[in-house]
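> Return a 3D structure for these sequence lines:
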Amino acid sequence: MATITIAEYDEILEPVRNYIAGFNEHDVEKFKAAFHKDAWIFYIDDEGELHKGPLDEKVFQEWAQPHEAFRPVEMRVLSVIRMGDAANVAITCGEEWRDFHSLVRVNGTWRITNKTASHSSR
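I've put the predicted structure just below:
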């Protein structure tokens, strides 16, 4: 298996960076640039409850809303795995969330197709 180049690594991480920028800049368009139009989310909250659903305009609007206790989200990349036109990125989002982002490259552009996350308390 070949290693990925720095350019390929940056291309894969671009949508994930847009995802984080969407929160930090309160920008729905950043989320739209990050996710495929048919993307889904599955996550376990701090009480162990499973949530799932499509990632759409409604979700992006909610995520982009500034909150009183807003702190910029810091991302730490744990791993990037690429196999052809598919990739998986594992990240931490601040102190609260651990995410896996599955991506596909369509017509040369990487997009997140699925976000699977767990609250750090789990």
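> When you work out contacts or count neighbours from here on, use the C-alpha atoms and nothing else.
Fine.
> So what are the sheet partners of the host helix or strand of residue 114 and their directions?
Secondary structure assignment for residue 114, by DSSP states H and E: strand 109-119. Counting by DSSP bridges, the strands paired with strand 109-119 are strand 35-44 (parallel), strand 97-106 (antiparallel).
> For residue 4, which of these is the nearest?
Smallest distance to residue 4 across those (C-alpha to C-alpha): 14.4 Å, for strand 97-106.
> got the buried residues for the closest one?
Going by neighbour count (16 or more other C-alpha atoms under 10 Å), the buried part of strand 97-106 is 97-105.
> From the chain's centre, how far out is it? Work that out for me.
6 Å (C-alpha atoms, centre = their mean, to the nearest Å).
> Quick check: mean pLDDT of it?
Strand 97-106 carries an average pLDDT of 97.
> Looking at the buried residues of strand 97-106, which is nearest residue 14?
residue 103 (10.9 Å).
> Report the contact partners of that closest one.
Listed by C-alpha atoms under 8 Å, 6 or more residues apart in numbering, the contact set of residue 103 reads 12, 86-88, 110-114.
> Quick check on the residues you listed: which are buried?
Neighbour counting with 16+ other C-alpha under 10 Å marks 12, 86-88, 110-114 as buried within the contacts of residue 103.
> Residue 71: which of these is nearest?
For the buried ones among the contacts of residue 103, the nearest to residue 71 is residue 112 (23.8 Å; C-alpha to C-alpha).
> hang on, the closest one packs against residue 99?
No: counting by C-alpha atoms under 8 Å, residue 112 does not reach residue 99; the two are 11.9 Å apart.
> after the lengthiest helix in the chain, next one along is what?
In the chain, with assignment by DSSP state H, the single longest helix is helix 6-25. Note on helix 6-25: by DSSP H and E, the next helix or strand toward the C-terminus is helix 28-34.
> Buried residues of that following helix, list them for me.
Judged by neighbour count using 16+ other C-alpha under 10 Å, the buried positions of helix 28-34 are 28-34.
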